[in-house]
Each structure stands twice: as structure tokens, then as C-alpha cells.
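Participant: starting from these lines, generate the structure:
(chains A and B)
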Amino acid sequence: MMNFEGGDSMESVNLDPGQQAYDYRSALSGTSLSGETHPLALSQEDFSLKEAHDPYVNSEEKSSIRNTGVDIAVEPPSYADAIFTPYMGGSGSLQELGGSSRSLYSSNGSVEFITITVNHPQKEQENGSSLVPGANTFFTYLIITQTNMPEYGGTDFTVRRRFRDVVALADRLAEAFRGYFIPPRPDKSIVESQVMHKLEFIEQRRLSLEKYLGRLANHPVLRKSEELRIFLQSQGKLPLTPSIDMASRMLDGAAQLPRQLFGESSVMIPQEASQPAKGGRDLVRLFKEMKQSFTNDWGSAKPLVVEEDKEFLEKKEKLQDLEHELNEASQQAELLVKAQQEDGEVVGELGLALIKLAKFEIEEATQSAQKVHALDLKRIATAAVKASRFYREANAHVQDHLHEYLGMMQAVHAAFYDRSNALLTLQTLLSDLSSMNNRVEKLSAASSKVFGGDKSRNRKIEELKESIKVTTEACELSQKEYDQIKERNRAEFNRFESERQRDFFYMLKGFIHTQVGYAEKIAHVWKKVADEANESPNKALDLPISGSVAIS
Amino acid sequence: MSVSSSSHHSDHSYILNSPGAMASRQRSSLRGTSSLSPVAPDQQYLSISVTDPVKLGMGVQAYISYRVTTKTNMEDYRGVEKMVIRRYSDFAWLHERLSEKYKGIFIPPLPEKSAVEKFRFSAEFIEVRRRALDVFLHRIASHPQLRFSEDLRNFLQADEEIWAMERARSQEGTLFKKKPSDFMQIFKDVQSKVSDVVLGKEKPLEESNPDYEKLKHYILELEEHLGESQKQAFRVVKRHRGQALSEFGRAVKSLGDCEGGSLGKAFSGLGGRSEFLSYKLQNQAQDLLMNFEEPLKEYMRTVQSIKVVMGDRAQAFRQQQELSEATKLKEINLEKLRLVRPDRVAEAEIELREMRVQCDEATRRFEEIVKRMQKELVRFQEDKTHDLGLAFHDFAEGQAQLANDTADAWRTLLPDLESWSQVAENNGI
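Facilitator: Predicted coordinates for the structure are as follows:
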């Protein structure tokens, strides 16, 4: 029985009657930070992917899509219902690279796990100093760790950290674990382009921190690092010194410079020698290595040690190709998402226009057939608005997956860079050594010609021999370092490759399930309304057309 | 091009045979010799189709000609089936003739006259226009009065040479003939003499009819809503034609080629599906254009033709008012003359009689328009309710189908995806 008044079982879209413009875009773009019920806000019936309402709510609750009973109960189970949550649950994107980590098997065979969550951002003030109120404020985040790893000597830890601490952690890891594919940390800079709500930014940062720590926890070597453990455990101020900023490094370097230039033997600790030349701290060494790299590239003589590992070079090239393709696909994915969101908006705007037409016709209808059809139209239009929301949601996360992998490629680049740096250091040291040996030979030859020995020359020879000894030690260390990095590269390659495969498949499945789910939702919305309309045309013709025509 | 029978017209037969349609049948003189014998009203049919657009002529003067095929058993038509060749301007001629002769009737609208130059011969534009012309003739053929128009008959039957002559003749006619008719001349003469002071009352230039006012507002608002809906429909069609999905498919396929192995297959699968869905969307766009956007546009144009009739009505009303006042003037004058100049009375009486005839004529015309409009509006509402209802319903069905196809396409990828990922796992990676 067709109910003329409340015929729609679907939720009705309450438009403000005074709303004049067909401006769907502005209707949707009001982020729900204002808290008022928006005419087009999602109702109970729909999935509610809550936007950045409340950044202080626990992340695990927040971003899961809840399937709250669009009446699919009678239909056979579809992918939409069954699979939705796992792929979208947790703190967004790839579940296993999110806040929680995958369990890994430890050396003694038991399953180890470590779970890190980042929550409760809060504003804090830097102590003392400032005259200007409100300056020197920063945000800290609550970091909760749960683990059964023996190294931690405990199961639950809670600390508060600020972003600066994360930077320090990342820098220390980069120093200590050269050659590994170290996940890149979140960016420092605020998004320049848009005026982002502070709250949105904080929420984004919280999420990215959680992802980052998750990835560290995922890495079989990094998860066991001292640096990470200290970060997660130590109460109070973080006892990891960050890298010194460039200015002070420059000063350091400049202070050493006169000594080196004026011939005092550089008291170089071999261990330091095998580390990469740090910007500013060792200018002379930097210049030497630069010179060496020029020689490598442009000189006629072959350096003493070269990258010989064919396998490595092949893999590197393949990875570069892959990165290029990933880049391309990622860009297209981004464009696709944007296009589909716009598609959704356009459908929504059509819906709004049709709703207005329907309402108008309902008011002005003089015959019942008209009214019936106008009500149908209203239902169809409402369906369009609903469908448009689904379009918008369906694609919210697609490009995240690909972007994350581009981020990982950064890590690979860094690892390769470590390797070539180490090689360069080694080459430089070796050529130093070789030139020092040459000088010793020359000096000895010259000295032997002088009767009774050449005191000054001999002294020089002695000095050189000392240097040679130190440099030889440094060479050995450098060689070790280089070999270690090479080995790490190799191991990481394999790990990366298998994880990559697994992750990509996971991502693809997730993407496809999401697409299927949303397509089903959208189809359901339309089918329902089309079926309802199917009943009415016959009814309309049956109903007597009212005799009085209100027009003369 | 196949004989058109678009979905939103297929059910029009009920109007063709409705009892009210046979009310006024004009019998006109026969042109040809062999005409059909009278057929019972409920057995009459007049079916017209516009097909086979062909580009003729060269360069700037190039144009499209259409084949117009008529099947009928109506009287006054020579034979059951006839085919002629017509071009857009011929249709425009027919439209204008009908507009002149059938005041008060909503003449079915023509498709837009001009188009951006470069689209004028695009396949889509031609097809859209052909469709619209087909609908145009169909609506005329279904109209209880218009279907009996002599101009229509000529349009549908005249062979090329006769047709050319006919058009030339009517062209001339309109050049010399003052629109709309003789009494207009009198009307213009009279207008300048009427004064408010003499008559002592306001000259009502518009109907003060609350129901009609309401109707006018309705039509204007309807026009707005239809316009907005049509605009949005156009945008939806455009979005369906976007390239983003196929570009994405291409990039992902390329990624798959680079990857190789099971993962490569998975990417290739994804890319292939995307391209397939993009193709489906293009098809859907075509469907949307024809069966959703075009009906909305057509009703927009119909509303505009209603506005023309509203204008005609207003004009008829004004004429009637002016003439009625002029008549009163003449009556007053006559009385004066009886007292002052009896020698002029006879002449004045004759003039008055003529004026009264014209006035009655104007009143008759006005009332005819009013009466026709009433019926036309009922018909309009029925048609609109039916046609747009169908269009919207088809739209919903189409969207449902598309979404289902999309879900299916993606879903079929899943088992393959599963097996490929298994292979990858098993390879000990």
C-alpha cells in the first residue's frame, strides 16, 4: 500500500527550507568539528567514518568503519559485511604496519610481540624563559607499549614524548644501523598548502607517529635496538642526544681545521674514521672524500675498491624501475581518488537538485499520479545523495597504501646511500694509505742518498709511519663496516622483497574488498529505490485522476 | 540508424487512442487523388520516424538531411507508407506554421537550433538531434488536434519538388501578410485613440485571474527546477566519461609488468579490471545522455513552449480588451452622433457593427486559447509525470546495474588474487 506521506523508509534528508543555493560542495565540506548536525550528515543507518571530530579519543576506536545495520540481514552475506572491518580497522591503512605489530618468532622459537599505541596529545609549555605568553608551547603524545620481549624486562610501559624526541630517535637509528632499510620518520614540516586546523594537524601527526613506531616494531633488527627501547621506556627526558644542528657542527669543524692544515697529525680515532664524514665536523675529511668521489667518476685511474657485486647492481636497478612504476601508479591512484570523489559530489548535487524538483512537484501536484511520481523522485534523489556519500568514503584510503610504499623506498635509498658512503670512505682511506706509502718510499730513497742520514727527513718518515699505522687500522675498520653494510643490504633485500610481496597482496585484497563492498552498498541503495518505484507506475494509472483541475 | 523508439515514448499509444482525441476533425480538400477511406477513430494510427542522418553539401553550406518515414491509415493521407527527405530548417518551418495556426496548444519543441561549430557534425550531436526530431514528430502525431494539421501532411508527404515550391510559397506569404491577421490593423489604429480619461477607468492589460497567476508561477518555477536538474544531469554524464580510471588501470598494468611473478599478475589483473570498468562507464554515459539528460532537456523546451503560449494568451487578452474598449468608444460616439450629426450615423453604425465583429472574434480567440490551455495542461502533466517518471526510474535502474557490474567485476578478481598470493607465499618468499 503506497503511503503518500511517510512513504520513504529511508532516512529523509532534512534540508533547511531556506537553503537556496544548489551548493552541495559547501554542504559537505563543513567538517564536523563544529559539532552541529549538518543536513547531510551521516545518520545512524550509514557507516560512520568519523572525521577528525575528537583527536583525543583512542585511535583504535576512532577509525574503524562500523557496519550499523543497513538492512542487509535478509540478503546473502556479501563481502561488504564480512570483510570490511579487518581491512579498515586499526589505526588506518595496512593493518600490520599500523599501531600493532606482527608477531615475530624469536631465536628460541617463541612468539614475540610488541604493540605500540600513540594517544592523548596534550599541550605543554617549555619551562621558564619566555616573556611572551603562549610561546614555546609544544605537543606531547602518550606512548603505550605492550610487549613480551625479554630485552624490555617488563610488559607495559608508558611514556610521554614530543616530536623532537622522535627526530632524535630516527637520527640515532640512522647512525647505528647503516645498511638497513630503516623506515622513514614522519615529516617535520606542517602542510603548507592548506590552512590546516591545528587539531587536524595534531591528529595527523599522532597517526603518523603511531605508524612509524609500528614499522620500527616490525623490523626484526630495529625492534631490538637499544635506541628504540630507551625511547619507549625511559621516563622523563629522553636520554638520546639528537644530532647536533649544522651551525654547531660547522663551528666544531672549523675549530679543528687549523690544526689539520698546519700539519699537526690529526689525532683521528680509527672508529671515527670508519664512520661517514659528518657535515661540518670534519671538513678536511669531507673535502678528501669529495675529491675521491670526483676521481671515481672522472679520473682515469680505477679506484682500489669498487662495487663489484653484480647481484646488488641488478637488484638496485630493478628496484629503481619498480620505484618509477610505483610512483606513476601512485600518482594515478591519487588522481583516481580525486576524480571519484568529484564524481560522488556531482551525483550528490544532482540528488539535491532532484529533491528540490520533487518537493516542488509534491506541493503543486493536482493529481494523485503526479504526487506518487514526485514521491518516487524524492526517493530516487535521496538515494543519489546517499550513494554520493559512499563514493566519498570508498576511496578515502586507497592512495595511502601506495604512498606508504613510496616512503619505504626512501628507506631503501638511504640504505644504498649508506653503502656507497661506506665504500667512498674506504676508497679514500686506501688512497690515503697508498699515497702515504709512496711518500715514505720517496723520502727513504732521498734520505739514503744523504751521507749520515737526513735527520729532518727521517723524522718525517717516522711521523708518516705512525700515520700509516693509524690509517691502516682505520682501513681495516672501514672495510669491516663496508662489508657489514653490504651484508645488511643483502639480508634486507630479501626481507624487503618478501614483505613487500605480502604487503602488496594485502593491500590489493583490501582495496578490492573495499571496492566490492562499496559497490554493493551503492547498488543496494539504487536497487531498493528502483524496486519501490516499480510498484508505483501501475498504481498511478489505476488511481482515478481527480476531476477538478485547479487551473483555468 | 535504426528506427527509433526510445523508452520514454513507447507508451504513448494510449494517448493516440484516447477518446477525447477525435473531437475536432478537420476535413480539408484533398490534394492527391488516392486517399484512404475513413477509418474508425480507435483504429487510426499515425506513426512517424526520423532516421538515417546524412551529411550533404560542401563546406560552409553542408547540412544534415534526415529520412522521415510515415505509416498511417488516416484519411487524407495518400497511402499507408511514405518516405521523404527533410532537413532541420524544414522541421523549423513546420514548427512555426503550427505555432501560428494552433494558438493555445503547446507545440512540441524542436531541438536547439545552433551548436558550436565544431560539434555540429559530431556523431553524438547528430544522434541527439535525430532523436529529438523523432520525438517532435511523434508528439505531433499523438496530439489530438495537431495530428490533423494540413501542414503536417504536406511535411510528411510532399515530394521534393512540390515541397520546395510549398516552402517558397509560404515564405512569400509571411513576408507580405501582416501577422497575425487583418483585425490587428484595426487594433493598432484604435489603440492610439483610446484614453483612460475618456473611459474613466484603468486599462487592464493583464488578466487578473488568481488561478492563472498561480499557474504562471508554477511554470516559471518548474522551469528553474528542470533547468537545474538538467544541468546536474549533464555534469553526471560528463563525469562518467572521465579518464582517471583507465589511466589508473594503465599505470597499474605497467607496474605489474615491471613486477613480474604472481604479484605482477595481481597488478595486471587490477589494471585490466579498471580499464574494463572505465569502458562500462563510457557506455553508461551514453545511456544517461539519451535516456536521462535528453528527456529533462526536452521538458525544459516544452516548458518554454508553454511560455510562448502564455505570451500568446496575454496578447490575445490585451487585444480583446483593447477592442472591447474601442467598441465602447464607438458606441459612445454613435450616441453623440445621433444627437449632433445624424448624417454620419449610418456610417458609424456600420463601423460599430464591424468593430463588434472584430471584438467578438478577439474574444473568441482568447477564450479558445484559454480552453485549449486547460486541456493542454492536463495532457502536459500526464505526459510529464509519465515520461520523467520513466526517465528517473531508468536512471535508478541504470545506476544499480552499473554498481552491480562494478561489484561483480572486482569480486571476480578475488579468487585469482587469493591463488596468486598463495603462490607467492609458497615460493618461500
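Participant: quick check, the residue in the stretch 151-300 of chain B closest to chain A?
Facilitator: B:A244 (3.5 Å; CB to the nearest CB). Just so you know, the C-beta spots here come from the backbone N, C-alpha and C atoms, and that holds for glycine as well.
Participant: distance from the chain centre to stretch B:389-401, please.
Facilitator: Chain-centre distance of stretch B:389-401: 22 Å, with CA atoms, centre = their mean, to the nearest Å.
Participant: where in chain B is pLDDT low?
Facilitator: B:1-39, B:41, B:115, B:117-118, B:171-204, B:428-429 (pLDDT under 70).
Participant: please disregard the earlier target; I meant the stretch 201-350 of chain A.
Facilitator: A:241-284, A:286, A:295, A:297-308.
Participant: give me the nearest residue to the residue of the stretch 151-300 of chain B closest to chain A, chain neighbours excluded.
Facilitator: A:A339 (3.5 Å; CB to CB, 6 or more residues apart in numbering or on different chains).
Participant: and the one you found, that's in a helix?
Facilitator: Yes: A:A339: assigned to a helix according to DSSP: H, G, I helix; E, B strand; the rest coil.
Participant: that one reaches B:K238, doesn't it?
Facilitator: No: using CB atoms under 8 Å as the test, A:A339 is too far from B:K238 to be in contact (11.5 Å).
Participant: more neighbours: these two, which one.
Facilitator: Between A:A339 and B:K238, counting by other CB atoms under 10 Å in any protein chain shown, A:A339 is the more crowded of the two (18 against 15).
Participant: and B:A141, how far from A:R459?
Facilitator: As for B:A141, its distance to A:R459 is 119 Å (criterion: CB to CB, to the nearest Å).
Participant: compare these two and say which is more crowded by neighbours.
Facilitator: B:A141 (22 against 11).
Participant: can you give me the distance of the more buried one to B:L156?
Facilitator: Distance from B:A141 to B:L156, by CB to CB: 9 Å.
Participant: overlap of the contact sets of the two?
Facilitator: Residues touching both B:A141 and B:L156 comprise B:I48, with contact defined as CB atoms under 8 Å, 6 or more residues apart in numbering or on different chains.
Participant: show me where the stretch 351-500 of chain A has strands.
Facilitator: Ranges of strands within the stretch 351-500 of chain A: none, based on DSSP state E, counting those that start in this stretch.
Participant: what of the stretch 101-250 of chain A?
Facilitator: Using DSSP E, counting those that start in this stretch, strands in the stretch 101-250 of chain A cover A:104-105, A:111-112, A:114-125, A:137-147, A:156-162.
Participant: ok, the second one: who's next to it in the sheet?
Facilitator: Strands adjacent to strand A:111-112 in the sheet, as given by DSSP bridges, are strand A:104-105 (antiparallel).
Participant: and the partner strand, what's its mean pLDDT?
Facilitator: The average of the pLDDT scores along strand A:104-105 is 54.
Participant: gap between the closest residue to A:N327 other than its chain neighbours and B:T385?
Facilitator: Once flanking residues are discounted, A:N327 sits nearest to A:L406: 6.6 Å by CB to CB, 6+ apart. Noted for A:L406: a distance of 55 Å to B:T385, by CB to CB.
Participant: comparing those two, which residue is more hemmed in?
Facilitator: B:T385 (22 against 15).
Participant: do the strand or helix carrying the more buried one and chain A meet at all?
Facilitator: Assessed by DSSP states H and E, B:T385 sits inside helix B:342-411. Yes: with CB under 8 Å from any CB of the partner chain as the criterion, chain A is reached by helix B:342-411 at B:370, B:373-374, B:377-378, B:381-382, B:385-386, B:388-390, B:392-393, B:395-397, B:399-400, B:403-404, B:406-407, B:410-411.
Participant: counting contacts, what elements does the helix or strand just after that helix pack onto?
Facilitator: Going down the chain from helix B:342-411, the next helix or strand is helix B:413-426, by DSSP H and E. Packing contacts for helix B:413-426, counted by 3 or more CB pairs under 8 Å, 6 or more residues apart in numbering or on different chains; DSSP states H and E, involve helix A:455-542, helix B:261-288.
Participant: lowest average pLDDT across those helices?
Facilitator: Among these, helix A:455-542 scores lowest, with a mean of 83.
Participant: for the residue nearest to B:A251 when sequence neighbours are not counted, give me its contacts.
Facilitator: Computed as CB to CB, 6+ apart, the closest residue to B:A251 that is not its neighbour in sequence is A:Q332, at 4.0 Å. Contacts of A:Q332 were listed using CB under 8 Å, 6+ apart, and they are B:A244, B:E247, B:F248, B:R250, B:A251, B:V252.
Participant: adding secondary structure, write these out as a markdown table.
Facilitator: Shown next, in a markdown table, are the contacts of A:Q332 (three-state DSSP):
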| residue | secondary structure |
| --- | --- |
| B:A244 | helix |
| B:E247 | helix |
| B:F248 | helix |
| B:R250 | helix |
| B:A251 | helix |
| B:V252 | helix |
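Participant: tabulate those in JSON lines, adding columns for distance to B:I306 and neighbour count.
Facilitator: Output for the contacts of A:Q332, formatted as JSON lines (distance: CB to CB, whole Å; neighbours: other CB atoms under 10 Å in any protein chain shown):
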{"residue": "B:A244", "distance to B:I306": "41", "neighbour count": "21"}
{"residue": "B:E247", "distance to B:I306": "45", "neighbour count": "19"}
{"residue": "B:F248", "distance to B:I306": "46", "neighbour count": "26"}
{"residue": "B:R250", "distance to B:I306": "49", "neighbour count": "18"}
{"residue": "B:A251", "distance to B:I306": "51", "neighbour count": "24"}
{"residue": "B:V252", "distance to B:I306": "52", "neighbour count": "28"}
